[in-house]
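K.L.:
build me a model from this:
(2 chains)
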Amino acid sequence: MIYKYFKMPSTFKILSILFFIVLYSFKVTAKDATELFYTLRTKVLSVKDFTADVKMKIEINNMRIPLLKGTLYFKSPDKMRMERNGGLSILPKKNINLTLGNLIPTGNVMVIDVGYDTLAGKKVHIIKAVPEDELSNIVLTKIWIDETNLLAMRTETTTRNDGTVKMNLEFANYIKYALPDKVTIFLDVKDFKLPKGVTVDYNVNATPDTNAKTGKQKSQKGTIQISYLKYAINTGLGDEVFAKDKEE
Amino acid sequence: MIQLLKIELYKIFKRPRTYISFGLITAITFLIQLAMLTDGKGFLGFVMQGINEQFDIQGHILNGYLVTYIILQSLLVQIPLLVALVAGDALAGEANLGTLRLLLTMPISRAKIVLMKFLSSFIYTVLLILWLALVALFLSLLLFGIGDMVNMKSDAFIMILKDDIMWRYFMAFTFAVLAMTTIASLSLFLSAFADNSIGPIMATMGVVVVLTILSNLEIPLFNIIRPYLFTTHMVGWKGFFDDPVPFAAIGRSALVMAFYTIGFLTATIVYFNKKDIKS
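P.N.:
All right, here's what the predicted structure looks like:
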């Protein structure tokens, strides 16, 4: 067989060598991307818990909520609670929550290298991570990674039950822990309707809302912007912090 | 004039039926507060179903501010009746008792008599709304405490921070006084036609109920008249719990009601001036 190969025309030989070189380079890149993903995940998951002073701005069409200031408690893997000194706090009720750790798949993951791009003036490596666990709520996560600082600058997570959640992250003071100073989450929110006979709305224009007649539950985009002002990281938060009653 | 006003106020407040209104407001308020104390969470669960499916709201939702809002919403229908109980009796009641002719023998113009009747009804209305503010707002705050307020519209969820609520209630109650003054002027107008107070009271309620239905029915036929009905604008107090507050629309609503009030009052004076008083 080796003999036959050497007997082939030289053009074919060159092409086949080139093919193997390209294939090898892809394998190397894929390995790099996989390594990059697991290193990033280890860094992100190194934060077991945190307490942070936050400012939260919720912008959803049919929800008018003022800027909320409070304390956000997080405990790995999925406990999150916001406290507002006697005021109400609002967090999206999703199986995934607002931390990066929950938007990155756990367990064995197949990593696909997508290439490079520029994000906020920085060169970022884009990868796609597909969990091997078929029961995982996360179907696919696309991550824009700043390789220099090992930070996820943007994620786009497609979930089985909660639609697609996009997250933009800005880092400044807690790069060591991969904890962002500002996070913008883009999510899908279903429209809701209450019978007008129950609410007896004050109609500003004194004419009926013709759009309200369809009664269909439409989805709309919303954003939640969280500014983290100060973190206390890995202080060993107890579960009791998250066990407080909803209606205090 | 002041003397005449004092006499009118004396007439209103010496009658037991006047205090029925204050008693009814107290009773209804207590009942709603009791219902909220026992099953408020169930009620909230129903109203906020759409929001709770998607968001996790934590904190003291069922607070005094929200309960007051629920009370005010529930009393939308009853308060016009309570105002009509007094204003509808102002002229018809005198006619029924046979004291109207005696009143008109005083050296005061008929217009002034009507104005004093209106002013005394207005003072009664203000006191009624003040009493409502006292038992609904302050008692609810005492029973349920303070907190951020959620306001559910048919297609929107509004959250108001606790430090930003009290002025809204002040404005809402002021607006309610204006709305109820319109009802008082309507009732007084109808009272000028009758010799028995039951008629104007029932007629006032009839007009309010019919116009409220027209204001809320989403039928294109009524779209043209809806902006001109005072009942469309009576719920303008709710605008103060919106974000941003639609001040321009509330101002328009206030103008419409002021226009109706002046209109009813003028019509009452014109008619009463020409009326042949037989009793």
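
K.L.:
show me where the stretch 101-250 of chain B has helices.
P.N.:
Assigned helices in the stretch 101-250 of chain B, in chain order: B:110-132, B:139-144, B:166-191, B:198-216, B:230-233, B:247-274 (criterion: DSSP state H, counting those that start in this stretch).

K.L.:
neighbours around residue A:147, how many?
P.N.:
Residues lying near residue A:147 (other CB atoms under 10 Å in any protein chain shown) number 15. In this view, the C-beta of every residue, glycine as well, is placed from N, C-alpha and C.

K.L.:
ok, now which ones touch residue A:40?
P.N.:
Residue A:40 sits next to A:104, A:143, A:145, A:150, A:151, A:152, A:178 when contact means CB atoms under 8 Å, 6 or more residues apart in numbering or on different chains.

K.L.:
what sits against residue B:95?
P.N.:
B:194, B:195, B:196, B:277, B:279.

K.L.:
the third one touches residue B:91, doesn't it?
P.N.:
No. Applying CB atoms under 8 Å, one finds residue B:196 not in contact with residue B:91, separated by 11.0 Å.

K.L.:
of those two, which one has the most company?
P.N.:
residue B:91 (29 against 14).

K.L.:
enumerate the residues of the stretch 151-279 of chain B near chain A.
P.N.:
B:152-162, B:164, B:216, B:218, B:223, B:226-227, B:232-233, B:235-239, B:242-243, B:246, B:249 (CB under 8 Å from any CB of the partner chain).

K.L.:
any chance of the helices of the stretch 101-250 of chain B in TSV, with mean pLDDT too?
P.N.:
Converted to TSV, the helices of the stretch 101-250 of chain B look like this (pLDDT from 0 to 100):
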stretch	mean pLDDT
helix B:110-132	94
helix B:139-144	94
helix B:166-191	96
helix B:198-216	91
helix B:230-233	92
helix B:247-274	95
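
K.L.:
pick the most deeply packed of these.
P.N.:
helix B:230-233 (a mean of 24; mean count of other CB atoms under 10 Å in any protein chain shown).

K.L.:
hmm, back to that, now distance to residue A:136 too, for the contacts of residue B:95, in JSON lines please.
P.N.:
As requested, the contacts of residue B:95 are exported to JSON lines (distance: CB to CB, whole Å):
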{"residue": "B:194", "distance to residue A:136": "76"}
{"residue": "B:195", "distance to residue A:136": "81"}
{"residue": "B:196", "distance to residue A:136": "77"}
{"residue": "B:277", "distance to residue A:136": "87"}
{"residue": "B:279", "distance to residue A:136": "86"}
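
K.L.:
of these, closest to chain A?
P.N.:
When those are compared for distance to chain A (CB to the nearest CB), residue B:194 wins out at 30.6 Å.

K.L.:
isn't that closest one up against residue B:92?
P.N.:
Yes. At 4.1 Å, residue B:194 counts as touching residue B:92 under the criterion of CB under 8 Å.

K.L.:
neighbour-wise, which of the two wins?
P.N.:
Taking other CB under 10 Å, residue B:194 and residue B:92 do not tie; residue B:92 has more neighbours (24 against 20).

K.L.:
that older thread, in strands only, show me the residues of the stretch 151-279 of chain B next to chain A.
P.N.:
Using DSSP state E, the subset of those located in strands is B:152, B:157, B:158, B:159, B:160.

K.L.:
surely residue A:112 is within a helix?
P.N.:
No. Counting by DSSP: H, G, I helix; E, B strand; the rest coil, one finds residue A:112 to be strand, located in no helix.

K.L.:
in the sheet, who's paired with the nearest residue to it once chain neighbours are set aside?
P.N.:
Among residues not flanking residue A:112 along the chain, residue A:128 sits closest, at 4.3 Å (CB to CB, 6 or more residues apart in numbering or on different chains). For residue A:128, the beta-bridge partners are residue A:112, residue A:142 (DSSP bridges).

K.L.:
I figured residue A:128 was touching residue A:105, is that so?
P.N.:
No. Contact criterion CB under 8 Å: residue A:128 and residue A:105 do not qualify, at 10.4 Å.

K.L.:
can you pull the residues that touch both of the two?
P.N.:
residue A:141.
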